[in-house]
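1. pasting the structure only:
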């Protein structure tokens, strides 16, 4: 039942309980209860995405960086609070931090990186991955303006 609900939500996360119940052959109360259990356990999280160009941030840059172990929590909290930060994660390997930012243009990458390193003196950016165009995000196919044109559902199992 949970997989059936998740499959429907991947295709359209705006479906209401009644529609989800109809599509999965159960009741709205069951859908509500199961989704509450999934969200309370943090197996499922809802998010609202926006077309990057509409937000004025057309370039995606992912940064690999290092920070002292004692500072990783503070660095994560600082990065996560930035409006341009789309993802921040702890990773293993030569870097211990991965962050993705949406910025306005290529030149903004250096400005943001310089400001971050000044604000977080223990942070050392070791690599950058620049994306000039995103064609798919979380299973959603995007046009040149970053708007959804279709879906290729993600199957996590």
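-> Received the coordinates, thanks. Because the structure is predicted, anything quoted here is derived from the model rather than measured.
2. shaky segments in the protein?
-> Low-confidence segments of the chain (pLDDT under 70): 156-157.
3. what's residue 62 sitting at in phi/psi?
-> phi -110, psi 130 (degrees, to the nearest 10).
4. burial measure for it, as a count.
-> Residue 62 has 15 neighbours, counted by other CB atoms under 10 Å. Backbone N, C-alpha and C define where each C-beta goes, glycine included.
5. Isn't it up against residue 128?
-> Yes: counting by CB atoms under 8 Å, residue 62 touches residue 128, with 7.2 Å between them.
6. how is the chain carved up into domains?
-> What automatic domain parsing lists as the domains of the chain is 2-40, 52-136.
7. Turn those into CSV, including distance to residue 147.
-> Formatted as CSV, the domains of the chain follow (distance: least, CB to CB, whole Å):
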stretch, distance to residue 147
domain 2-40, 15
domain 52-136, 8
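8. For this structure, which segments count as strands?
-> With DSSP state E as the criterion, the chain has strands at 59-66, 85-90, 97-103, 124-131, 136-137, 140-142, 148-151.
9. out of the domains of the chain, which comes closest to residue 144?
-> Nearest to residue 144 among the domains of the chain is domain 52-136 (7.3 Å), distances taken as CB to CB.
10. got the end-to-end distance for the closest one?
-> 12 Å (CA to CA, to the nearest Å).
11. Tell me who's in contact with the closest residue to residue 147 other than its chain neighbours.
-> Counting by CB to CB, 6 or more residues apart in numbering, residue 147 lies nearest to residue 51, which is 5.1 Å off, once chain neighbours are set aside. If you count contacts by CB atoms under 8 Å, 6 or more residues apart in numbering, residue 51 has them with 142, 145, 146, 147.
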